[in-house]
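> Give me the fold of what follows.
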Amino acid sequence: MSLPIQFCRSCGSAQYPSRDACRICLSDALEMRLTSVEGTVVSEAVVHRSLDPAMVAGGPLRLGAVASPLGIRILCLLAPDASTDMTVELARCPDRPGAIIARASQQA
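All right, here's what the predicted structure looks like:
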């Protein structure tokens, strides 16, 4: 599945989350591209309680930081089959609008 990732038209670098200027060259020539994102889970944590009423149901939440070969790190929800040092694919979370979820990659 593809995610909207911001790219710089001047230097080609990716950045997430979106910004007003490129984090590498400071150009404002930026564009959003739907991009398939894979990466490695570099850390994970569990949130047992949330102050956000939308996040209370279905807890605890497993969160992770995913390092992508694009040079970005994305904080996301972790599916039950994803854990640290595992290669994952990122996708929009179907039951939580605006959230991204990491699932174990189908590639061996």
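> for this protein, what helix or strand is lowest in average pLDDT?
Every helix and strand in the chain was compared by mean pLDDT, DSSP states H and E; the lowest is helix 53-56, with a mean of 66.
> any idea which helix or strand comes after that helix?
As assigned by DSSP states H and E, the chain's next helix or strand after helix 53-56 is strand 61-67.
> contacting residues for the spatially most central residue of the chain?
Closest residue to the average C-alpha location of the chain: residue 74 at 3.4 Å, with C-alpha atoms, centre = their mean. Taking C-beta atoms under 8 Å, 6 or more residues apart in numbering, we find residue 74 in contact with 16, 37, 39, 65, 66, 68, 90, 100. From N, CA and C alone the C-beta is placed, and that goes for glycine too.
> Greatest separation within the residues you listed: which pair is it?
Farthest pair in these (C-beta to C-beta) is 37 and 65. Separation: 13.3 Å.
> and the two? which has more neighbours close in?
residue 37 (23 against 18; other C-beta atoms under 10 Å).
> Backbone dihedrals for that one, both of them.
Per-residue torsions, residue 37: phi -120, psi 120 (degrees, to the nearest 10).
> Run the angle between the longest strand along the chain and strand 61-67 for me.
For the chain, the strand with the greatest residue count under DSSP state E is strand 38-47. With axes from the mean of the first three to the mean of the last three C-alpha atoms, to 10 degrees as the basis, strand 38-47 and strand 61-67 are set at 150 degrees to each other.
> what sits up against strand 38-47?
For strand 38-47, using C-beta under 8 Å, 6+ apart, the contacting residues are 55, 59-69, 73-74, 78, 82-90, 102, 105.
> how about 10 Å then?
Strand 38-47 is contacted from outside by 55, 59-70, 72-78, 82-90, 102, 104-105, 107, using C-beta atoms under 10 Å, 6 or more residues apart in numbering.
> what bridges to residue 64?
Beta-bridge partners of residue 64, counted by DSSP bridges, are residue 44, residue 76.
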